[in-house]
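K.L.:
Sequence plus the predicted model coming up.
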Amino acid sequence: MVRKPSQQPTDAELAILNVLWRHGAATVRQVHESLPSGSAVGYTTVLKTLQIMTDKGLVGRDETQRAHVYEPAVSSDRTRRGLVTDLMNRAFDGSAAHLAMQALAGGKASADEIAAIRDLLDQLEDEEP
């Protein structure tokens with residue numbers, strides 16, 4: 001039984017989801033081999049984490065093959081939106097403006113990213129009644 005995800009993924013779960021979002025459905029071995037090299041996570045840890053993620057409804061599992069194949073059950077956009085909303089509520093009193101200003105104050109946005117942000121702001125202004 002796959003349940004609808006009721007909570008945000010942990011850091012380890014998010015790392016696995018990032019692999020699945022990038023590469024699509026994969027076996028435990030494929031996920032393990034695709035994790036960043038600095039993570040030093042063992043195969044059995046990845047297996048156990050995927051089993052927990054299946055129970056949480058974060059991934060689906062195809063058991064028709066000998067090696068089970070896992071795929072994300074949640075979209076990257078929905079998950080990231082949930083993470084940002086959680087951070088915004090906990091750290092910025094629910095203020096999107098404060099969150100955005102703090103994120104941009106770090107100065108790590110490229111010219112292309114800033115242009116995309118301007119385009120999004122223009123779209124949002126056009127949508128207001």
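P.N.:
Looks like it arrived, so ask away. Residues are numbered from 1 along each chain as shown.
K.L.:
How far does stretch 92-108 stretch from one end to the other?
P.N.:
For stretch 92-108, the separation between the terminal residues is 20 Å (Cα to Cα, to the nearest Å).
K.L.:
Figure out how far that stretch is from the centre of its chain.
P.N.:
Put simply, stretch 92-108 sits 19 Å off its chain's centre (Cα atoms, centre = their mean, to the nearest Å).
K.L.:
Same question for stretch 106-122.
P.N.:
From the chain centre to the centre of stretch 106-122 is a distance of 21 Å (Cα atoms, centre = their mean).
K.L.:
hmm, who's touching that stretch?
P.N.:
By Cβ atoms under 8 Å, 6 or more residues apart in numbering, the residues outside stretch 106-122 that reach it are Ala100, Ala103, Leu104. All C-beta spots, glycine's among them, are computed from the backbone N, C-alpha and C.
K.L.:
Most neighbours of all the residues you listed, which one?
P.N.:
Counting neighbours by other Cβ atoms under 10 Å, Ala100 leads the contacts of stretch 106-122 with 15 neighbours.
K.L.:
on that earlier part again, in helices only, show me the contacts of stretch 106-122.
P.N.:
Within these, residues falling in helices by DSSP state H are Ala100, Ala103, Leu104.
K.L.:
for those residues, which one is nearest Val28?
P.N.:
Minimum distance to Val28 across the ones in helices among the contacts of stretch 106-122 is 34.3 Å, recorded for Ala103 (Cβ to Cβ).
K.L.:
got any ranges where this protein has weak pLDDT?
P.N.:
For the chain, applying pLDDT under 70 flags the ranges 1-6, 38, 129.
K.L.:
Show me how it divides into domains.
P.N.:
Split into domains by automatic domain parsing, the chain comes to 11-72, 76-127.
K.L.:
Comparing those, which stretch has the densest surroundings?
P.N.:
Each of the domains of the chain was given a mean neighbour count from mean count of other Cβ atoms under 10 Å, and the largest, a mean of 16, is that of domain 11-72.
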